[in-house]
Structures are given as structure tokens and as C-alpha cells.
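> Below are the sequence and a predicted model; questions follow.
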Amino acid sequence: MSKYTTGRFSRRLSGDSPISGRRLHRDRPFAILPAYRLRPIGRVLGLSRGFTMQIYLETERVILRRFTPDDVDNLVALDSDPDVMRYLSGGIPTPRATIENDILPAFLRYYERGDRYGYWVAIERSTGDFLGWFHFRPESSGSPDEPELGYRLRKAAWGKGYGTEVSRALIRKGFTDFGVERVFASTYEDNLASRRVMEKVGMRLMRRFRMTPEELAAHGADQVVWEGEDVEYAITRAEWERQEEATLRRPNQ
């Protein structure tokens, strides 16, 4: 989870699910929760056609909505920035064909599994500008009550607190609306901006781990480039509740 990415290999797919962390996976379906709120929208909120936008989450400055086929250009522009792709591919852009044929269709297919988890476009509330995207979903091999949080933002949106603001709201949504037990996030150890966001939202460092040479080769990554370790941070429901209680007890909060 970071201003750059939630992991190194978000642009490659296994089955119908994008890789947002370090492991290839095929996610499983989850319970369907009540439908999104629907709003008629136009270009002001990041879409070029006047159809209904399905909102997943709103914060003071950001709206998270479902992806649509119109978002391909936004994703291509995002993944064409070498700074954005630094901890994904060493700065190499994601080919447009990969986004059109693999990544965006995978994002869209995820919605067939229900309203609880998925991948969401981040729109700046005041301008309607595309900021990037967030995901909130479990790994295929993990519990549906332990979603992974991650995001990728345009460079123009860095340093403005959007990652922290929306991550806090997603964590709250997970614990209060979905009743999850744990939320986690991971990134490359040198991605200090990402790690600071994890710490700001109350997560603790849980482990360091390293991909095997076989996993790196399968992802097309140079083992010299990725000579360091990955780190995983997490927060449990009990930890979050204690932090919320402590915040309420502080004066002027």
C-alpha cells in the first residue's frame, strides 16, 4: 500500500484476478452486501458518459467508485509514469494492451462477486479529477475476514494525504460494516512513503519476507533489482478499537 503501489506486480494477472501484492492468486467469491448508492453522473466525476456511478466510499476529499470501460486511458496514463512504476517494474510502463485486455477486465469482473470487496477509482471530490485507484479485498489463500488494502496514485496526488485519508476510511468500513478481523498491507522495504502511511493508519510491522528466485522469474523481475525484502503491516479489530477509544478520550478531538 503506497502512493506508488501496493506491491511490485500489480500489472500481471493469474486467472481473472490482478496481482496486487507479491503472490499470484485467484480470488474466491464473497457474500453479497447491500447495493451501492447510485448517482447520475457526467464528466465532472471522471466519466465521459452520463450513466450511473456506483459509489463504494466517500471521504472528505475523495470519492471511490467502480471502474468502467472508460477508465482505460486513466490507467494507461497512471502506469506510464516511471516514478509511479518504480516499485512495480523498475519504472517500465505497463503496455496499453495489457491494461485493455487483462487488468481492466479483471477489475470489472471482480464486481460480479458482490459489493463487499474489489478495486475502486479514486476521484477528487472538489475537481472530479482521477487520482488513481484503491483495492480492498482478501487474497485467494486467505480468510475473507482479512482483506488486503492497497492503492496506486498519480504523482500529482502524492504528498497530499489522500492515501492516509482513504486508507483510514477503508479500514473503518472493514471493521464496522463488514465485521472483518484483520486488515493488512504490504510493500517493498525501500518504499518508505508507503510504510509511513501504514504506520499512520495504525498498522504494525508483522513480518519481512523475500520472494523466491522462481517467483521473481515468473513475474519477469530482475533479481538484482529486487534484492531487498518485502514487508507486511497489519491491524486487528481489537487494536483498531483500542486506538479509536484512545482518540475519543483525547481532549479537543
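Thanks, I have it.
> give me every residue that touches Thr127.
Counting by CB atoms under 8 Å, 6 or more residues apart in numbering, Thr127 touches no other residue. Where C-beta positions appear, they are placed from N, C-alpha and C, glycine not excepted.
> Repeat that for the one 10 residues further on.
Counting by CB under 8 Å, 6+ apart, Arg137 touches Asp27, Tyr110, Tyr117, Gly118, Tyr119, Pro147, Glu148.
> Looking at those residues, which are in helices?
Counting by DSSP state H, the part of the contacts of Arg137 found in helices is Tyr110.
> Okay, now the unreliable bits of the stretch 101-250 of the chain?
Within the stretch 101-250 of the chain, the segments meeting pLDDT under 70 span 215-226.
> can you pull out the helices in it?
For the stretch 101-250 of the chain, the helices defined by DSSP state H, counting those that start in this stretch occupy 104-110, 162-176, 192-200, 213-218, 237-249.
> Could you dump the ones you listed into TSV and include mean neighbour count and distance to Asp71?
Listed next are the helices of the stretch 101-250 of the chain as TSV, based on neighbours: other CB atoms under 10 Å; distance: least, CB to CB, whole Å:
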stretch	mean neighbour count	distance to Asp71
helix 104-110	19	7
helix 162-176	21	17
helix 192-200	18	23
helix 213-218	13	28
helix 237-249	12	31
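> Of those helices, which is nearest Arg152?
helix 162-176 (9.6 Å; CB to CB).
> What lies in contact with stretch 233-251?
Against stretch 233-251 from outside (CB under 8 Å, 6+ apart): 1, 171-172, 175, 180-186, 195, 198-199, 201-206, 253.
> Using CSV, list the CA coordinates for it.
Extracted as CSV, the C-alpha positions of stretch 233-251 are listed here (Å, rounded to 0.1, in the frame of the first residue of the first chain):
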residue,chain,number,x,y,z
TYR,A,233,1.9,-4.5,8.1
ALA,A,234,-1.5,-5.2,9.7
ILE,A,235,-4.0,-4.1,12.2
THR,A,236,-6.6,-6.3,14.0
ARG,A,237,-10.1,-5.3,15.1
ALA,A,238,-9.1,-5.2,18.7
GLU,A,239,-6.1,-2.9,18.0
TRP,A,240,-8.3,-0.6,15.9
GLU,A,241,-11.0,-0.4,18.6
ARG,A,242,-8.4,0.5,21.3
GLN,A,243,-7.0,3.2,19.0
GLU,A,244,-10.5,4.6,18.4
GLU,A,245,-11.2,4.6,22.2
ALA,A,246,-7.9,6.4,22.9
THR,A,247,-8.7,9.0,20.2
LEU,A,248,-12.1,9.7,21.8
ARG,A,249,-10.5,10.2,25.2
ARG,A,250,-8.1,12.8,24.0
PRO,A,251,-9.1,16.5,24.6
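> mind checking how far that stretch is from the chain centre?
With CA atoms, centre = their mean, to the nearest Å as the basis, stretch 233-251 stands 22 Å off its chain's centre.
> mind listing which of the contacts of Arg137 are in strands?
Members of the contacts of Arg137 lying in strands (criterion: DSSP state E): Gly118, Tyr119, Glu148.
> Tell me how many other residues crowd Glu124.
The number of residues packed near Glu124 is 18, by other CB atoms under 10 Å.
> which residues touch it?
Arg61, Val62, Leu131, Ala157.
> measure it to Arg242 for me?
32 Å (CB to CB, to the nearest Å).
> What is the burial count for the nearest residue to Glu199 once chain neighbours are set aside?
Counting by CB to CB, 6 or more residues apart in numbering, Tyr233 is the residue found nearest to Glu199 once chain neighbours are left out, at 7.4 Å. Neighbours of Tyr233 under the rule other CB under 10 Å: 23.
> Return the set of residues that bridge with Tyr233.
Using DSSP bridges, the bridge partners assigned to Tyr233 are Ala185, Leu205.
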